[in-house]
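*Asks:* Sequence and predicted structure, then a few things I'm wondering about:
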2 protein chains.
Amino acid sequence: MLEKTTRINYLFDFYQALLTPKQRNYMSLYYLDDFSLGEIAEEFQVSRQAVYDNIKRTEAMLEDYEEKLKLFHKYQKRKKVTKQMKLCLDEGKLDKVMLEHYIGLLDELD
Amino acid sequence: MLEKTTRINYLFDFYQALLTPKQRNYMSLYYLDDFSLGEIAEEFQVSRQAVYDNIKRTEAMLEDYEEKLKLFHKYQKRKKVTKQMKLCLDEGKLDKVMLEHYIGLLDELD
């Protein structure tokens, strides 16, 4: 189970191009630069509540995009496959049959 | 160079979850089921021009999503890598170093 902050960070990474500049600013300050709501409010000359509402709405949008496009979900699955491939490779166990299996898994994820 | 129709079909595939039901309907009838604009207009009791405008707007939206998220672009790149891996594998040329290189390429695309 991922921590909520980590999950939001990933979703932000995948979908930030779909957000408005203001949404991106607030999210980036709050989640990446660890600003408090009050500090962001001061920076943009708006109320703390306005910042809070904007961030909550943006989080909901990110979850909505993920529900529709599943980019983070697919990313996690692909990472699992390539990690498994590396593991097998390091152990000298990656033969033709297994490799074909892994390539098939990756192709299915697209 | 991909034909325009093929490209739109791919973009539709990647981003249809972000469209409205009406947009999805029109696009699907026009691009997947090969209906004419006139036939779609009749089906939905609207003008041919309205269908045309809706489809053109949707196409522009799809291109806009692609510019922002690049899902089709990344898909093509990943396919190239897995295809290359299969080729090497079939020719018995896929050694540890090359495999690590390919896995690295795939990881970078995420």
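*Replies:* Done, it's in.
*Asks:* Can you tell me which helices and strands the strand or helix carrying A:N25 packs against?
*Replies:* Using DSSP states H and E, A:N25 sits in helix A:21-27. When contacts are defined as 3 or more CB pairs under 8 Å, 6 or more residues apart in numbering or on different chains; DSSP states H and E, helix A:21-27 sits against helix A:37-44, helix A:48-69. All C-beta atoms are positioned from the backbone trio N, CA, C, and that covers glycine.
*Asks:* and whichever helix or strand comes after the last one, anywhere near chain B?
*Replies:* Scanning forward in sequence from helix A:48-69, with DSSP H and E defining helices and strands, the next element found is helix A:71-90. Yes - contact of helix A:71-90 with chain B is found when judged by CB under 8 Å from any CB of the partner chain, involving A:L71, A:Y75, A:R78, A:K79, A:T82, A:M85, A:K86, A:L89.
*Asks:* What count of nearby residues applies to the third one?
*Replies:* A count of nearby residues for A:R78, using other CB atoms under 10 Å in any protein chain shown, gives 19.
*Asks:* Now the lowest-mean-pLDDT helix or strand in chain A - C-alpha only, CSV.
*Replies:* The weakest-scoring helix or strand in chain A, judged by mean pLDDT, DSSP states H and E, is helix A:96-108 (a mean of 89). In CSV, the C-alpha atoms belonging to helix A:96-108 read as follows (Å, rounded to 0.1, in the frame of the first residue of the first chain):
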residue,chain,number,x,y,z
LYS,A,96,14.5,-17.8,-24.4
VAL,A,97,11.1,-19.0,-23.2
MET,A,98,11.1,-16.8,-20.2
LEU,A,99,12.2,-13.8,-22.1
GLU,A,100,9.5,-14.3,-24.7
HIS,A,101,7.0,-14.5,-21.8
TYR,A,102,8.2,-11.2,-20.4
ILE,A,103,8.2,-9.5,-23.7
GLY,A,104,4.6,-10.7,-24.2
LEU,A,105,3.6,-9.2,-20.8
LEU,A,106,5.1,-5.9,-21.8
ASP,A,107,3.4,-5.9,-25.1
GLU,A,108,0.0,-6.6,-23.5
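*Asks:* Much appreciated, bye for now.
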